[in-house]
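A.B. asks: I'll drop the sequence and a predicted model, then ask my questions.
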Amino acid sequence: MEENNKIILFNKYDSVIEANLVKTKLDAYGIPCFLTNETVSSLYPLPFMKGMEVRLYIFEADEARVHEIVSEDQQGDTQND
């Protein structure tokens, strides 16, 4: 396996909805990714339960592009306020 094909943790989300929105956006750009802890976070939606966050994983080679895409969304949210 090449080093840039390594799977890395990109971010943790307290909200299943927020995590799925980011995943859907990445899917639309053709960037492979997956979530873990979705079910646990849905069953126990308590922000103080550390370790239960929904985790988004990506390929290391896509990290820079994912940062660009996610920051575009955050800038758009700020402009809409």
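C.D. replies: Arrived safely. Residues are numbered from 1 along each chain as shown.

A.B. asks: got phi/psi on the residue nearest the centre of the chain?
C.D. replies: By Cα atoms, centre = their mean, the chain has its centre lying nearest to residue 56, at 3.8 Å. In terms of degrees, to the nearest 10, the main-chain angles of residue 56 are phi -110, psi 120.

A.B. asks: that one bridge partners, please.
C.D. replies: Beta-bridge pairing of residue 56 under DSSP bridges involves residue 11, residue 35.

A.B. asks: that one is in contact with residue 8, isn't it?
C.D. replies: No: Residue 56 is beyond contact range of residue 8, at 10.0 Å (criterion: Cβ atoms under 8 Å). The C-beta positions use only the backbone N, C-alpha and C, and glycine is treated the same way.

A.B. asks: where's residue 6 relative to residue 54, distance?
C.D. replies: From residue 6 across to residue 54, the span is 21 Å (Cβ to Cβ, to the nearest Å).

A.B. asks: the more surrounded of these two?
C.D. replies: Neighbours were counted for residue 6 and for residue 54 using other Cβ atoms under 10 Å; residue 54 has more, 24 against 10.

A.B. asks: leaving out chain neighbours, which residue sits closest to the more buried one?
C.D. replies: residue 19 (3.9 Å; Cβ to Cβ, 6 or more residues apart in numbering).

A.B. asks: and residue 72, how many neighbours?
C.D. replies: Residues lying near residue 72 (other Cβ under 10 Å) number 11.

A.B. asks: helices of this structure, start to end?
C.D. replies: Assigned by DSSP state H, the helices in the chain fall at 16-28, 38-43, 63-80.

A.B. asks: which one of those has the lowest average pLDDT?
C.D. replies: In terms of average pLDDT, helix 38-43 trails the rest of the helices of the chain, at a mean of 71.

A.B. asks: residues near residue 22, how many?
C.D. replies: By other Cβ under 10 Å, neighbour count at residue 22 equals 20.

A.B. asks: these two touch, right, it and residue 71?
C.D. replies: No: using Cβ under 8 Å as the test, residue 22 is too far from residue 71 to be in contact (11.5 Å).

A.B. asks: so what sits against both of the two?
C.D. replies: Residues touching both residue 22 and residue 71 by Cβ atoms under 8 Å, 6 or more residues apart in numbering: none at all.

A.B. asks: having no further points to raise, I will conclude here.
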